[in-house]
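> Sequence isn't available, so here's the structure alone:
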Ligand SMILES: [Zn+2]
Ligand SMILES: [Zn+2]
């Protein structure tokens, strides 16, 4: 099928799917179904008073090519750390990382499946 044949055919139902979705990692258009990731709510520790003034974490969904490397690219750009005991999955749990006083709060992301301590590394 040539491109002209394709453009000459009017298929109303294609319009919605035709809106190009871009990968949040590499920012390129995703052909087909994007791979989606959501971030679970942060469970705020009761002792952390400063939580109230922190901007809430954007829970997503974020859309990527179906390649974990693109998700890691996005994490890196956002300054998230990645727990290397887990894997990139559709649902990630945020791990608040307490910084020194006055420093900006960082987060690590983990799939939350392993039961031992997290090992956070730069994504
Ligand atoms: Zn991508
Ligand atoms: Zn972990």
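Noted; the coordinates are in hand. Nothing here was measured: the structure is a model prediction, and the numbers come from that model. Ligands and ions are numbered 1, 2, ... in the order given.

> so residue 95 sits in a strand?
Yes: counting by DSSP: H, G, I helix; E, B strand; the rest coil, residue 95 falls inside a strand.

> Pull the number of nearby residues for it.
Close neighbours of residue 95, defined as other CB atoms under 10 Å, add up to 17. Using the backbone N, CA and C atoms, a C-beta is placed for each residue, glycine as well.

> Quick one, grab the pLDDT at the residue in the chain positioned nearest to ligand 1.
Relative to ligand 1, the nearest point of the chain is residue 23 (3.0 Å; CB to the ion). pLDDT recorded at residue 23 is 97.

> Distance from the chain centre to stretch 98-117, please.
15 Å (CA atoms, centre = their mean, to the nearest Å).

> got a list of contacts for that stretch?
Contacts to stretch 98-117, defined as CB atoms under 8 Å, 6 or more residues apart in numbering, come from residues 39-40, 42, 48, 50, 54, 57, 75, 79-83, 85-89, 91-97, 118, 120, 123.

> Tell me the residues of the chain that contact ligand 1?
23, 25-26, 65, 70 (CB under 5 Å from the ion).

> Please pick the buried ones from these.
Among those, the ones that count as buried by 16 or more other CB atoms under 10 Å are 23, 25, 65, 70.

> By average pLDDT, which secondary structure element in this protein comes out worst?
helix 14-18 (a mean of 52; mean pLDDT, DSSP states H and E).

> Quick check: what element follows that helix along the chain?
From helix 14-18 onward toward the C-terminus, using DSSP states H and E, the following helix or strand is strand 21-22.

> who touches that following strand?
For strand 21-22, the surrounding residues in contact (CB under 8 Å, 6+ apart) are 28-30, 34, 63.

> Can you add pLDDT and give the residues you listed back as TSV?
Converted to TSV, the contacts of strand 21-22 look like this (pLDDT from 0 to 100):
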residue	pLDDT
28	95
29	94
30	94
34	95
63	97
